[in-house]
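Student: mind looking at a prediction? Sequence and model below.
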Amino acid sequence: MLIFPTVVAAEIMRNYTFIILLLLKAAFVNPFYLPGLTPVNFCPKEMEKPNCKSDIKVYVNRLNSKNTILDYEYHDFDFCLGNEDDDTPVENLGQVLFGERIRPSPYKINFLKNETCRLLCSKFYDRKVVTDVRKLRRLKHGITKGYYHHWIVDNLPVTFCVSHGVCFNGFPMGTTALDIIGGSSGKNGYGEVYLFNHVDFIIEYRDLSHDPNYFDDPVGGRIISVKVVPSSLNHIKEDSLDCDNSEMLNLNDDFHDMKIIYTYSVKFIKTDIKWASRWDYILNSKSTTSIQWFGITNSILIVLFLTGMIGVIFLRTLRRDISRYNQFDSSDDVQEEFGWKLVHGDVFRPPACRLLLSVFLGSGAQILCMVFVTLVLACLGFLSPARRGALMTCGVALYVCFGFVNGYVSATFYKAFGGTLWKKNIFLSAVLCPGIIFAGFFLCNIILWSQSSSAAIPFSTLLLLLFLWFGVSTPLTYLGAFLAFQRSRWSYPVRTNQIPRQIPPQPFFSKPLPATVMAGILPFGSIYVQMFFMFNSLW
């Protein structure tokens, strides 16, 4: 009688011993972040080494605005340009599709070297020269439209913090309202246009003395955050710069020639934040967090409302039908079919547009698999914000590879529906939905080309997309469809009636178009807020 309890106790002790040994082993394991990037060490100029550089490169990216869909490159405006001989980062497919145009900048920053009001360049505009007037108008247009700079330092976006915990990726070209930068409207009012021609770089770093791998040589550090404070300063001469000047640079002076002097300052601040957590203050910014929580709550409430409403309808219908079935169970009279029994012989009848339905089912399965795998990889950290363009690159690659799923699902359903035009089914599965997407994409690209926007995709990238479509996705679609047609057709549990049952006249709201609109409003309301923030973060 005591054998079984003894065996159970021994098994429990064995499991506890295994767990304790596993925890002890984990205590001596050095964790590492597989999907992450290698940190870059920086040193002062006099202590520079091959693995510890002193030059901190500042890269400029496209300028965009929430008020317009047109993005422009940095050199489309008359700013100070970097050296053309400097290395330009190689952009992947995702960055090109997102319209990123990363270029070297003229800003020179050395690690731990503070700068105060350093000259960058100067621009002179003659009111009598047409090209100079156009350049000034373009600057004013960018400011009034709310265009933002997007700079990159050590693979980090340069941020602009308006208050504690509220930071934005990028900073504006200028302002037309003085209260935005802490002033008052005063006599200038809100109609004036001020250019931010001075930036203060605030670079937070963590020294290497905290890293056990650098205890023997704790010289240098790693960049944790880069923030800027833009200012509008009306400098008079290059040899007498005064960044404490309170007078602002007004671009609305249409009567005199203008000289714009660009300057910058650099300040290094030591911090205890770990390098692995340097993205936290950007991702946890309060500017959108509260609104996102509102959107999530709104989505949950709508989903619960829809689920409860549909559940109540089904429950009432089932109870009514079951009670009627029970009333006729004891009767030997001929029972008239009612309820769900009326359509049991038409449930598996092939739809009218079986070809298009099967094609759309295959394309939906392809997109579903792509989204699911992308979310899994993103949750694992492989698609972190530190890997620029990785999300879009991964999405395009997975969409192309899952062409196999498209062909397999489409052919399986088309065969189950009793279709015979299998060649047309395979062709439409490979061409229809991607063709619609590519046609809309190409049309938008032509519009962006006509407006000289940097968001326009280069012709070489379009050729690459066509190759991925016809060279990779289409063959995989044909392969999946071929394997699906080799399988036997599905067997249905209920025999389909030869004569379709007549459908009585339906009310107006049950017709296809009104029913589609009414059925789609609530699901759309549950996701549109999240989709807004998702696309806003992507673009």
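Tutor: Perfect, thanks for sending it. Note that the coordinates shown come from a computational prediction; the quantities given were computed from them, not determined experimentally.
Student: and the helices in the protein, which stretches?
Tutor: 3-27, 93-98, 130-144, 280-283, 286-329, 354-379, 390-401, 403-416, 422-450, 459-467, 474-486, 512-538 (DSSP state H).
Student: export the ones you listed to TSV and tack on mean neighbour count?
Tutor: Every C-beta, even on glycine, is put in place using the N, C-alpha and C of the backbone. Listed next are those as TSV, based on neighbours: other CB atoms under 10 Å:
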stretch	mean neighbour count
helix 3-27	9
helix 93-98	19
helix 130-144	16
helix 280-283	13
helix 286-329	12
helix 354-379	18
helix 390-401	19
helix 403-416	25
helix 422-450	16
helix 459-467	13
helix 474-486	19
helix 512-538	12
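Student: tabulate these in a markdown table, adding columns for distance to M258.
Tutor: Below are these laid out as a markdown table (distance: least, CB to CB, whole Å):
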| stretch | distance to M258 |
| --- | --- |
| helix 3-27 | 65 |
| helix 93-98 | 35 |
| helix 130-144 | 7 |
| helix 280-283 | 36 |
| helix 286-329 | 34 |
| helix 354-379 | 48 |
| helix 390-401 | 41 |
| helix 403-416 | 56 |
| helix 422-450 | 31 |
| helix 459-467 | 38 |
| helix 474-486 | 57 |
| helix 512-538 | 35 |
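Student: can I get the ones you listed in CSV with distance to E238 and mean pLDDT?
Tutor: Formatted as CSV, those follow (distance: least, CB to CB, whole Å; pLDDT from 0 to 100):
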stretch, distance to E238, mean pLDDT
helix 3-27, 60, 46
helix 93-98, 36, 89
helix 130-144, 19, 92
helix 280-283, 35, 82
helix 286-329, 37, 75
helix 354-379, 48, 94
helix 390-401, 43, 94
helix 403-416, 59, 95
helix 422-450, 38, 94
helix 459-467, 41, 94
helix 474-486, 60, 94
helix 512-538, 40, 76
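Student: among the ones you listed, which is nearest Y205?
Tutor: In terms of CB to CB, the element of the helices of the chain nearest to Y205 is helix 280-283, at 14.4 Å.
Student: for the helices of the chain, which one sits closest to C52?
Tutor: Short answer: helix 280-283, nearest of these by CB to CB, at 25.0 Å.
Student: CA atoms of that closest one as PDB?
Tutor: Extracted in PDB, the C-alpha atoms of helix 280-283 (Å, rounded to 0.1, in the frame of the first residue of the first chain):
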ATOM      1  CA  ASP A 280      12.800  52.800 -24.100                       C
ATOM      2  CA  TYR A 281      12.300  56.500 -23.800                       C
ATOM      3  CA  ILE A 282      11.300  56.700 -27.500                       C
ATOM      4  CA  LEU A 283       8.900  53.700 -27.400                       C
END
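Student: which residues sit against it?
Tutor: P157, T159, G165, C167, N169, S225, P385 (CB atoms under 8 Å, 6 or more residues apart in numbering).
Student: before we move on, the earlier item: to M248, which of the helices of the chain lies closest?
Tutor: Once the helices of the chain are compared by CB to CB, helix 130-144 is nearest, at 12.3 Å.
Student: packing partners for that closest one?
Tutor: Using 3 or more CB pairs under 8 Å, 6 or more residues apart in numbering; DSSP states H and E, the elements in contact with helix 130-144 are strand 115-125, strand 174-175, strand 194-195.
Student: what do you get if the cut-off is 10 Å, keeping everything else the same?
Tutor: Contacts defined by 3 or more CB pairs under 10 Å, 6 or more residues apart in numbering; DSSP states H and E place helix 130-144 against strand 63-65, strand 115-125, strand 174-175, strand 194-195, strand 258-270.
Student: of those, which is nearest R319?
Tutor: It's strand 63-65; of these, that one is closest to R319 (CB to CB) at 56.4 Å.
Student: what's the closest one in contact with?
Tutor: 70-74, 76-77, 79, 99, 101, 142, 144-150, 170, 172-173, 453-455, 539 (CB atoms under 10 Å, 6 or more residues apart in numbering).
Student: can you do 6 Å?
Tutor: Strand 63-65 is contacted from outside by D71, Y72, K145, G146, Y147, using CB atoms under 6 Å, 6 or more residues apart in numbering.
Student: can you give me the mean pLDDT across it?
Tutor: Mean pLDDT, computed over strand 63-65, is 92.
Student: how about the contacts of helix 280-283, which pair is most distant?
Tutor: For the contacts of helix 280-283, and using CB to CB, no pair is farther apart than G165 and P385, which are 18.2 Å apart.
Student: who's more crowded, these two?
Tutor: Set G165 next to P385 and count neighbours by other CB atoms under 10 Å: P385 wins out with 15 against 12.
Student: where does that one land on pLDDT?
Tutor: 79.
Student: ignoring the adjacent residues along the chain, who's closest to it?
Tutor: W279 (6.1 Å; CB to CB, 6 or more residues apart in numbering).
Student: please put the alpha-carbon coordinates of stretch 382-400 into PDB.
Tutor: This file holds the C-alpha atoms of stretch 382-400, laid out as PDB (Å, rounded to 0.1, in the frame of the first residue of the first chain):
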ATOM      1  CA  PHE A 382      14.100  40.200 -34.900                       C
ATOM      2  CA  LEU A 383      12.200  43.200 -36.300                       C
ATOM      3  CA  SER A 384      13.200  45.800 -33.700                       C
ATOM      4  CA  PRO A 385      13.200  49.500 -34.500                       C
ATOM      5  CA  ALA A 386      17.000  49.300 -34.500                       C
ATOM      6  CA  ARG A 387      16.900  47.400 -37.800                       C
ATOM      7  CA  ARG A 388      15.600  50.000 -40.100                       C
ATOM      8  CA  GLY A 389      13.400  48.800 -42.900                       C
ATOM      9  CA  ALA A 390      13.400  45.200 -41.500                       C
ATOM     10  CA  LEU A 391       9.700  45.100 -41.000                       C
ATOM     11  CA  MET A 392       8.800  46.000 -44.600                       C
ATOM     12  CA  THR A 393      11.600  43.800 -46.000                       C
ATOM     13  CA  CYS A 394      10.400  40.800 -43.900                       C
ATOM     14  CA  GLY A 395       6.800  41.400 -44.900                       C
ATOM     15  CA  VAL A 396       7.600  41.500 -48.700                       C
ATOM     16  CA  ALA A 397       9.800  38.500 -48.400                       C
ATOM     17  CA  LEU A 398       7.200  36.500 -46.500                       C
ATOM     18  CA  TYR A 399       4.400  37.500 -48.900                       C
ATOM     19  CA  VAL A 400       6.500  36.300 -51.800                       C
END
